[in-house]
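Engineer: have a look; sequence and predicted model below, questions after that.
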Amino acid sequence: MAHKKNIYCQELQPCHAQCSDITEEDDCKNECKWENGSCMLNPEDRGSRQGDGTCSENVGGMHQVCVRFNDNTGEVFSERTGQSNWSVERKGKPHCLCLGAYSHYVSNPRQQGTDIPALDVQCDAIPETALQEEYLRHWKDWNGENLTQHAQDAVNELIEVCRKKADGDPDKQEGLRRLQEQGSCAAATASDQDDGLRPGGLRERYAQIFPSNNRNVGGHLWAKHILDRRKHLTNHEFRQLFNEYCPVSGSPVKVGRPPFRYKDKMALAGREDQPQQVSHCCWPCVCDLRDCAEVAVKSYTTKDGTNDFNMLVMKKNPCDGRPNGPLDGDLERQAPELHCDQGKLRGAETVSETDLRPIIGMASDIHGEHSPDVSPQRCNDRAKDGFRSGMGTLFRQACGL
């Protein structure tokens, strides 16, 4: 089964107990059967599974959603989905459901305003194909009922359930995220290959990162490019790459240029005894970052293991409440990479699945030489002058000021 992947882009697990691992006859039950002194999978108890025990059927009923029925769900599932009363016999056992039945079941509360017992979804045993468009296209209707929207709602609910089950497992969370973005585990794996990005080489990726050849307010795209390659970087390399562009303007920053220090009560880490430094193209960007961004501590896995990093995020999500498409006003013409898709900034890594504020850079602990401090008075004078230096008002418009 090594070639089959689940929705975490890990090896697809069987949708049944590992009967062969059970050594006591009293424990050999449900879908397992004691025979000739050993416990084995009952061949008569298929539960719509394939011969290898997985929910990977891609023809016929296409049963790909693995659940385990308990006394409550087994009692009501068939009735709720308008089928014969087969689920009563599946109490305590796993079963591969088709998306049609799963959609019909989970959509009932929305249709009727009633509560139903939640299904025990076995996410490790759900194949990656269950989230792919090709699979969804088969479920425009089921048993005479139009399921076009219900099927999509059900998949969204399935993703949310499995995301919560992966809480505390960054590898699973990352696999699910990349599958959603790339469309298949093969594509996600290919995009995760080491393409040689190292400190000093970020500027060479400009054309790849900015197809429009316009980097204005493009910090989120620089950040995403680095974050996608973090597993191939040491902590030092990871941090150093974030010093090679300005998170406000999106302009590349010359390697070795001293960063700016944030040391007053506006310090990005939020504590006067923990000043931070950030690289910028020019001093006015310090003023804009103070007003528009803050630090969110995020855990990332690099070559050196999992560590916390002070990531710079916009205080507001630029796409909150906006329709799909480019940001309006001056931004549409002068910052064409700012584009909203489904309530988030296109191409951005966000704080979380529910907090859609974009990550635009990283703040680091003070070390070595730094550029002259930018006083609050200097920022006030710039504001009185109409923000005519640096990025002008573009970044401030994007963050809602």
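Structural biologist: Cool, got the structure.
Engineer: who's in contact with the helix or strand harbouring residue 153?
Structural biologist: Assigned by DSSP states H and E, residue 153 belongs to helix 148-165. Under the contact criterion C-beta atoms under 8 Å, 6 or more residues apart in numbering, helix 148-165 has outside partners 7-8, 65, 99-100, 102-104, 106-107, 110, 121, 123, 126, 130-131, 136, 139-141, 173, 176, 180, 353. No exception for glycine: its C-beta is placed from N, CA and C like everyone else's.
Engineer: pull out the buried members of the residues you listed.
Structural biologist: When the contacts of helix 148-165 are checked for burial by 16 or more other C-beta atoms under 10 Å, the buried set is 7-8, 65, 99-100, 102-104, 106-107, 121, 123, 126, 130-131, 136, 139, 173, 176.
Engineer: now, which of those lie within helices?
Structural biologist: Taking DSSP state H, the ones among those that sit in helices are 99-100, 102-104, 106-107, 136, 173, 176.
Engineer: how about those in JSON lines, adding distance to residue 284 and pLDDT?
Structural biologist: Output for those, formatted as JSON lines (distance: C-beta to C-beta, whole Å; pLDDT from 0 to 100):
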{"residue": "99", "distance to residue 284": "53", "pLDDT": "86"}
{"residue": "100", "distance to residue 284": "57", "pLDDT": "85"}
{"residue": "102", "distance to residue 284": "54", "pLDDT": "90"}
{"residue": "103", "distance to residue 284": "52", "pLDDT": "86"}
{"residue": "104", "distance to residue 284": "57", "pLDDT": "84"}
{"residue": "106", "distance to residue 284": "51", "pLDDT": "84"}
{"residue": "107", "distance to residue 284": "52", "pLDDT": "73"}
{"residue": "136", "distance to residue 284": "48", "pLDDT": "75"}
{"residue": "173", "distance to residue 284": "37", "pLDDT": "86"}
{"residue": "176", "distance to residue 284": "40", "pLDDT": "89"}
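Engineer: list just the nearest of those to residue 220.
Structural biologist: Closest approach between those and residue 220, by C-beta to C-beta: residue 173, at 20.0 Å.
Engineer: mind listing what the closest one touches?
Structural biologist: Each residue near residue 173 by C-beta under 8 Å, 6+ apart is listed here: 163, 166-167.
Engineer: the same query, at a cut-off of 6 Å, please.
Structural biologist: Residue 173 makes contacts with residue 166, as judged by C-beta atoms under 6 Å, 6 or more residues apart in numbering.
Engineer: phi first, then psi, for residue 283.
Structural biologist: Backbone geometry at residue 283, expressed as degrees, to the nearest 10, gives phi -60, psi -30.
Engineer: tell me which element the nearest residue to it once chain neighbours are set aside is part of?
Structural biologist: Take residue 283 and drop its neighbours on the chain: the residue closest to it by C-beta to C-beta, 6 or more residues apart in numbering is residue 374, 4.9 Å away. Per DSSP H and E: residue 374 is located in neither a helix nor a strand.
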